[in-house]
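Student: Provided below for reference: sequence and predicted model.
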Amino acid sequence: MDDPVMGGKSKSTFELSGGVGVFDGVCAIVPSLKAPGFCKLTTTGSAAYPDASAFINGSVLLRVRSTTPEFKGFKVAIDAASLKCPGVGFSPFTTSWKAPFVVPAGAGFTTVKVALPKFSCDWSAYTGACDTKDPGFFGRQHYCCTAETPEKCPSSQTLAAISGVEVWAEGAEGSFHLELQSISVGA
């Protein structure tokens, strides 16, 4: 999915090649927002995800490589459609806990660990970040997972109710190329 509203100009493709998912595209400035848009991969289907609650102190593990390690807009999200984020009255997206990740430079695949305390369910639909305030008169401040805001953190209940996984390119302008071998939750 590419940013479909407000004149979004971002474009992406996804294909499977030799058992590897290839996510290519460009995050472009949305003219009405004067900010970068987004491109997103989302799992589909009705297959149940395993209960990952035993890994509450663990990480999301991405086996990836990229020819654009300078792109700073990669994010991963865990969906839990049956749950709601406390304090978030409305979101145009499924309830998800999202966090940024960086792919190191290099030709080979590497495992990127994104610690679960880096994920927040309170992220901006404008930036994808959890530490920004939305623009406009009714702009809402977003909050990251911290000791002061533990309700924004993934919980055992979240990890037991995973309903999907997303990979995003957002909040940064530019071309991106990401190759994905696997995504899992572990220690």
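Tutor: Cool, got the structure.
Student: list the contacts for the residue sitting nearest the centre point of the chain?
Tutor: Centroid-nearest residue in the chain: Val76, 3.1 Å away (criterion: CA atoms, centre = their mean). Taking CB atoms under 8 Å, 6 or more residues apart in numbering, we find Val76 in contact with 60, 62, 98-99, 101, 114, 165-168, 183. For the C-beta atoms, the positions are set from N, CA and C on the backbone; glycine is no exception.
Student: which regions of this protein lie under the pLDDT threshold?
Tutor: Residue ranges of the chain with pLDDT under 70: 5-6, 89-94.
Student: just checking: what are the partner strands of the longest strand that it contains?
Tutor: When the chain is parsed with DSSP state E, its longest strand is strand 174-186. If you go by DSSP bridges, strand 174-186 pairs up with strand 20-27 (antiparallel), strand 59-65 (antiparallel).
Student: any chance of those in TSV, plus mean neighbour count?
Tutor: Output for the strands paired with strand 174-186, formatted as TSV (neighbours: other CB atoms under 10 Å):
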stretch	mean neighbour count
strand 20-27	19
strand 59-65	21
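Student: so for His177, which of the ones you listed sits nearest?
Tutor: strand 20-27 (5.2 Å; CB to CB).
Student: following the chain past that closest one, name the next helix or strand.
Tutor: strand 29-30 (DSSP states H and E).
Student: what is that next one packed up against?
Tutor: Packed against strand 29-30 by the contact rule (3 or more CB pairs under 8 Å, 6 or more residues apart in numbering; DSSP states H and E) you find strand 35-36.
Student: give me the buried positions along stretch 52-60.
Tutor: By neighbour count on 16 or more other CB atoms under 10 Å, the buried set for stretch 52-60 is 52-53, 55-56, 58-60.
Student: all the strands of the protein, residue numbers only.
Tutor: Taking DSSP E, the strands of the chain run over residues 11-17, 20-27, 29-30, 35-36, 38-42, 59-65, 74-79, 96-100, 110-115, 164-170, 174-186.
Student: now for the fifth one, which elements pack on it?
Tutor: Strand 38-42 makes packing contacts with strand 11-17, strand 20-27, strand 164-170 when contacts are defined by 3+ CB pairs under 8 Å, 6+ apart.
Student: the fourth one too?
Tutor: Other helices and strands packing on strand 35-36, by 3+ CB pairs under 8 Å, 6+ apart, are strand 29-30.
Student: which residues sit against the strand it packs on?
Tutor: Residues contacting strand 29-30 (CB under 8 Å, 6+ apart): 3, 6-10, 35-37, 173.
Student: hmm, back to that, switch the helices and strands packed on strand 38-42 over to CSV; also include distance to Ala107.
Tutor: Below are the helices and strands packed on strand 38-42 laid out as CSV (distance: least, CB to CB, whole Å):
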stretch, distance to Ala107
strand 11-17, 16
strand 20-27, 14
strand 164-170, 21
